[in-house]
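Trainee: Provided below are the primary sequence and the corresponding predicted coordinates.
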Amino acid sequence: MQPLSFSAFALVFVGGGVGSLFRYLCSVLSSTLIGIPTPYVTMGVNILGSLLIGYLLGLSLGNEGWGMGYRLCFVVGVCGGFTTFSTFSAELFFLLREGQYGYALLYSLASCILALGAVFAGYRLAQS
């Protein structure tokens with residue numbers, strides 16, 4: 001990890017803003033244009049973000065052309081801003097609070113298993 005510096009903060013800040021904006025657009029477009037309920041959008045964003053982060057990690061590991069700045073901006077910033085695990089956790093909390101235990105279990109297992117699989121797939125794609 002790069003030591004704390006203004007450039008590191010700036011790269012993560014800009015990347016995080018871009019990722020958060022993409023996350024917001026996915027949510028708005030999916031719910032208003034297509035009518036997909038929010039938990040499904042969140043799960044889809046987490047899976048897509050996991051695929052992307054796996055792909056970027058696969059490209060950057062062992063590739064000296066990818067400096068720490070690229071990793072900070074795209075992996076930490078963009079992917080960190082785009083994926084929504086904290087939102088996932090809050091939605092899971094509300095499902096549990098509402099007594100929807102079966103749906104909460106299915107939602108959490110599917111999100112975790114599919115996201116982990118997507119990281120693996122993205123990593124393998126980058127290696128091929």
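Mentor: On my side now, so go ahead. Numbers count the residues shown, from 1 in each chain.
Trainee: what residue of this protein is the furthest out?
Mentor: In the chain, the residue that sits farthest from the middle, by C-alpha atoms, centre = their mean, is Gly99; the gap is 27.1 Å.
Trainee: who are the neighbours in contact with it?
Mentor: Taking C-beta atoms under 8 Å, 6 or more residues apart in numbering as the definition of contact, Gly99 has no neighbours. For every residue, glycine as well, the C-beta is placed using N, CA and C.
Trainee: Let's verify it: helix, strand, or coil?
Mentor: Put simply, Gly99 is coil when judged by DSSP: H, G, I helix; E, B strand; the rest coil.
Trainee: List phi and psi for it.
Mentor: Here is the backbone geometry of Gly99 (degrees, to the nearest 10): phi 80, psi 20.
Trainee: and Leu92, how many neighbours?
Mentor: For Leu92, the count of nearby residues is 19 (other C-beta atoms under 10 Å).
Trainee: Isn't it up against Leu106?
Mentor: No: counting by C-beta atoms under 8 Å, Leu92 stays clear of Leu106, with 10.8 Å between them.
Trainee: Once you drop chain neighbours, what's closest to the most centrally placed residue in the chain?
Mentor: Centre of the chain computed as the mean C-alpha position; nearest residue by C-alpha atoms, centre = their mean is Thr83, 2.5 Å away. Nearest residue to Thr83 in three dimensions, chain neighbours excluded: Gly49, at 3.5 Å (C-beta to C-beta, 6 or more residues apart in numbering).
Trainee: How about Leu59?
Mentor: Among residues not flanking Leu59 along the chain, Ala126 sits closest, at 4.6 Å (C-beta to C-beta, 6+ apart).
Trainee: The residue nearest to Thr83: helix or strand, and which one exactly?
Mentor: Remark: Gly49 resides in helix 38-60, with elements defined by DSSP states H and E.
Trainee: That helix - contacts with which helices or strands?
Mentor: Other helices and strands packing on helix 38-60, by 3 or more C-beta pairs under 8 Å, 6 or more residues apart in numbering; DSSP states H and E, are helix 6-29, helix 80-82, helix 85-97, helix 101-127.
Trainee: Perfect, I'm done here.
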